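>>> Fold the following, please.
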Amino acid sequence: MTQNDKLKTLKFLAKRYARATGQPQHAALDFVAARLGFPHWNELTGSAKGEWVPSEAQVATIRAFVERITSYEGTTFDHIFGGPDAITRGEVKGRPYELKTMLGDVCMEGDGWRIVLPENPLSAPRVEIDIKYAQNSPMNDRALLAEAVETAKALMKSVKARRFADWPRRAMKPDAEGKVRHPFLEMEEASLWYCLHCNAEISGPQIAGNHWHCPGCGASPINIFPEAFWLGPNEQKSAPVQARGEGQDIEPIVSIVDPRPKLDLNKDQVTHLIRSALFEDATNASERMGASLAEIWVDDDLDVVVSFEDHYWPEEKEPTAAIEVAAVLGIEMELEVMWSDTLFAWPGLGTVTQSTAEYTRMMLDAYRSNGIVEERYGNQ
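Numbering: from 1, shown residues only. Next up is the predicted model:
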C-alpha cells in the first residue's frame with residue numbers, strides 16, 4: 001500500500017467513524033490523528049508530506065477500531081438484533097453483572113441492583129436498588145457506580161454507532177441552513193421539526209444532536225415531524241423547545257425499589273374476573289351466551305353492576321361464583337336485567353344442552369322447520 005493509499009484509507013475510516021458516531025467529518029479526522037499521536041489531522045498530513053509515513057500496523061489498528069464499532073459482527077450485532085449471545089457478562093470492581101439491550105435502552109443487572117441507560121441521550125441513567133440490599137448495595141459506592149455507568153455507556157456507544165451507520169448521513173449532519181433529513185421516515189429535509197407529544201418546535205441541529213429524540217419530552221424519532229399537522233387553526237402554536245444546555249453532566253437517578261409483584265386492581269381486571277365467574281355459574285349453552293352478553297360496569301371504587309340479558313340468563317338465577325369473587329375482592333356487586341333482541345330465535349333451546357355444537361344443530365334444525373336457512377349452513 002502506497003503512502004497515498006494509506007492516507008486515503010485513514011480518511012475513509014474517519015468518514016465511517018464520523019457517520020457511526022454522528023460527529024462532523026473534521027472531528028473524526030482529528031480523532032484518527034490523535035490515535036496516531038498527532039494533535040490534529042492537518043498536523044498528520046503535514047508530517048506525511050515529509051519523512052513520516054503511517055505504517056501498515058497503524059492503518060490496521062485504526063481499521064480494527066472503526067470496524068469494532070461499525071460492523072455487524074459479534075456482540076454488538078446480538079445486542080441490536082437479538083440472539084443467543086445478546087447478554088454480555090463481566091465484572092466491575094469484582095462485582096458480576098449482566099449487560100443487555102431492551103428496545104434501545106441498555107440494561108445492566110447485578111445482585112440486587114440494575115442500571116438502565118435510556119436511548120434518549122438527554123435522559124439520566126436510572127439506578128434501582130432492591131430494598132433488602134439498600135444498606136449494603138455496591139451501588140452505594142460512587143466510584144463503583146460511575147465505573148458501571150461508563151461500562152453501560154460503552155455498549156450504548158456501539159449500539160448507536162451501528163444505528164447511525166444505517167441512517168442517512170444528512171440525518172446527523174445539518175447543512176449550512178440547519179436542514180436535516182429524518183432518519184427513516186420518507187420526508188423532505190427541514191430546518192424546523194415538531195414533536196407530536198409536547199408540540200415543541202425543534203431546530204435541525206437540536207434534533208440531530210439529540211439523536212432524533214425530542215429535547216423537551218424525550219419522544220422517539222417516530223414522533224418527530226416537519227409540520228405540526230395535528231394542531232388546528234385555533235390551537236396554540238408550537239413554541240421553541242426548552243432543553244438542557246449542551247455539555248452538562250447528567251447525574252444518575254438512584255432509587256430504592258421493592259421488586260416483589262404488586263397488585264393494583266383496575267376496572268379491566270375486575271371485569272375479567274367477574275365474567276370468568278359468570279361462565280363458571282353457567283350450566284348450559286344458553287346461560288354461557290348470557291354470561292358472554294352480560295354488561296359489566298365497574299365504577300371508580302371497583303364496585304360492579306352486572307346487567308343480564310333476560311332471554312339467556314334466568315332472572316331468578318343467582319350468579320353464586322361471581323358473588324363469591326366480589327366478596328373475595330371486597331367489592332359490592334349489583335345485579336339487574338336488560339332486554340334486547342335475541343341473537344337467534346328460540347333462545348330457550350340452549351337450556352337443554354351443555355354443548356354449544358349441539359345447540360347450534362338444534363337451532364339450525366328449528367330454522368329449517370319453521371323458516372329459511374341458507375344452503376351453506378351444512379347439516380354436519
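>>> Helices of the chain, residue ranges please.
Secondary structure of the chain (DSSP state H): helices located at 3-21, 25-35, 41-48, 56-70, 74-81, 142-166, 169-172, 204-209, 267-281, 285-293, 320-329, 356-370.
>>> ok, what's across the strand from Val337?
Phe308 (DSSP bridges).
>>> wait, doesn't it sit right on Val305?
No. Under the contact definition of C-beta atoms under 8 Å, Val337 does not touch Val305, with a separation of 11.7 Å. All C-beta atoms are positioned from the backbone trio N, CA, C, and that covers glycine.
>>> what residues are up against His182?
By C-beta atoms under 8 Å, 6 or more residues apart in numbering, the contact list for His182 reads Ala171, Trp212, Pro221, Ile224, Pro226.
>>> Format those residues as a markdown table; extra columns: distance to Pro121.
Below are these laid out as a markdown table (distance: C-beta to C-beta, whole Å):
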| residue | distance to Pro121 |
| --- | --- |
| Ala171 | 15 |
| Trp212 | 10 |
| Pro221 | 13 |
| Ile224 | 15 |
| Pro226 | 22 |
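>>> Just the ones of those in strands?
Residues of the contacts of His182 located in strands (DSSP state E): Ile224.
>>> Any regions of the stretch 1-150 of the chain where pLDDT drops low?
Within the stretch 1-150 of the chain, the segments meeting pLDDT under 70 span 1, 22, 69-85.
>>> same thing but at 50, please
Residue ranges of the stretch 1-150 of the chain with pLDDT under 50: 72-74, 77.
>>> Tell me how far the spatially most central residue of the chain lies from Ser220.
Central residue of the chain (C-alpha atoms, centre = their mean): Leu103, 4.7 Å from the mean position. Using C-beta to C-beta, to the nearest Å, Leu103 is found at 10 Å from Ser220.
>>> Quickly list what's touching both of these two.
Common neighbours of Leu103 and Ser220 (criterion: C-beta under 8 Å, 6+ apart): Glu119.
>>> can you redo the helices of the chain as JSON lines with mean neighbour count and distance to Ile129?
JSON lines is the format used below for these (neighbours: other C-beta atoms under 10 Å; distance: least, C-beta to C-beta, whole Å):
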{"stretch": "helix 3-21", "mean neighbour count": "18", "distance to Ile129": "32"}
{"stretch": "helix 25-35", "mean neighbour count": "18", "distance to Ile129": "36"}
{"stretch": "helix 41-48", "mean neighbour count": "16", "distance to Ile129": "45"}
{"stretch": "helix 56-70", "mean neighbour count": "15", "distance to Ile129": "32"}
{"stretch": "helix 74-81", "mean neighbour count": "17", "distance to Ile129": "24"}
{"stretch": "helix 142-166", "mean neighbour count": "17", "distance to Ile129": "10"}
{"stretch": "helix 169-172", "mean neighbour count": "19", "distance to Ile129": "36"}
{"stretch": "helix 204-209", "mean neighbour count": "21", "distance to Ile129": "32"}
{"stretch": "helix 267-281", "mean neighbour count": "17", "distance to Ile129": "29"}
{"stretch": "helix 285-293", "mean neighbour count": "21", "distance to Ile129": "46"}
{"stretch": "helix 320-329", "mean neighbour count": "16", "distance to Ile129": "33"}
{"stretch": "helix 356-370", "mean neighbour count": "14", "distance to Ile129": "53"}
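>>> will you turn those helices into JSON lines that also has distance to Gln236?
JSON lines is the format used below for the helices of the chain (distance: least, C-beta to C-beta, whole Å):
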{"stretch": "helix 3-21", "distance to Gln236": "37"}
{"stretch": "helix 25-35", "distance to Gln236": "39"}
{"stretch": "helix 41-48", "distance to Gln236": "48"}
{"stretch": "helix 56-70", "distance to Gln236": "43"}
{"stretch": "helix 74-81", "distance to Gln236": "39"}
{"stretch": "helix 142-166", "distance to Gln236": "34"}
{"stretch": "helix 169-172", "distance to Gln236": "29"}
{"stretch": "helix 204-209", "distance to Gln236": "20"}
{"stretch": "helix 267-281", "distance to Gln236": "33"}
{"stretch": "helix 285-293", "distance to Gln236": "45"}
{"stretch": "helix 320-329", "distance to Gln236": "44"}
{"stretch": "helix 356-370", "distance to Gln236": "55"}
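>>> Can you check which of those helices gets nearest to Tyr97?
Tyr97 lies closest to helix 142-166 among the helices of the chain, at 7.0 Å (C-beta to C-beta).
>>> Which neighbouring elements make contact with that closest one?
helix 3-21, helix 56-70, helix 74-81, strand 88-92, strand 95-102, strand 105-110, strand 113-117 (3 or more C-beta pairs under 8 Å, 6 or more residues apart in numbering; DSSP states H and E).
>>> Redo those as JSON lines? Include distance to Ala321.
Listed next are these as JSON lines, based on distance: least, C-beta to C-beta, whole Å:
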{"stretch": "helix 3-21", "distance to Ala321": "60"}
{"stretch": "helix 56-70", "distance to Ala321": "60"}
{"stretch": "helix 74-81", "distance to Ala321": "47"}
{"stretch": "strand 88-92", "distance to Ala321": "49"}
{"stretch": "strand 95-102", "distance to Ala321": "40"}
{"stretch": "strand 105-110", "distance to Ala321": "42"}
{"stretch": "strand 113-117", "distance to Ala321": "41"}
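>>> Ile296: which of the ones you listed is closest?
Nearest to Ile296, of all these, is strand 95-102, at 35.3 Å by C-beta to C-beta.
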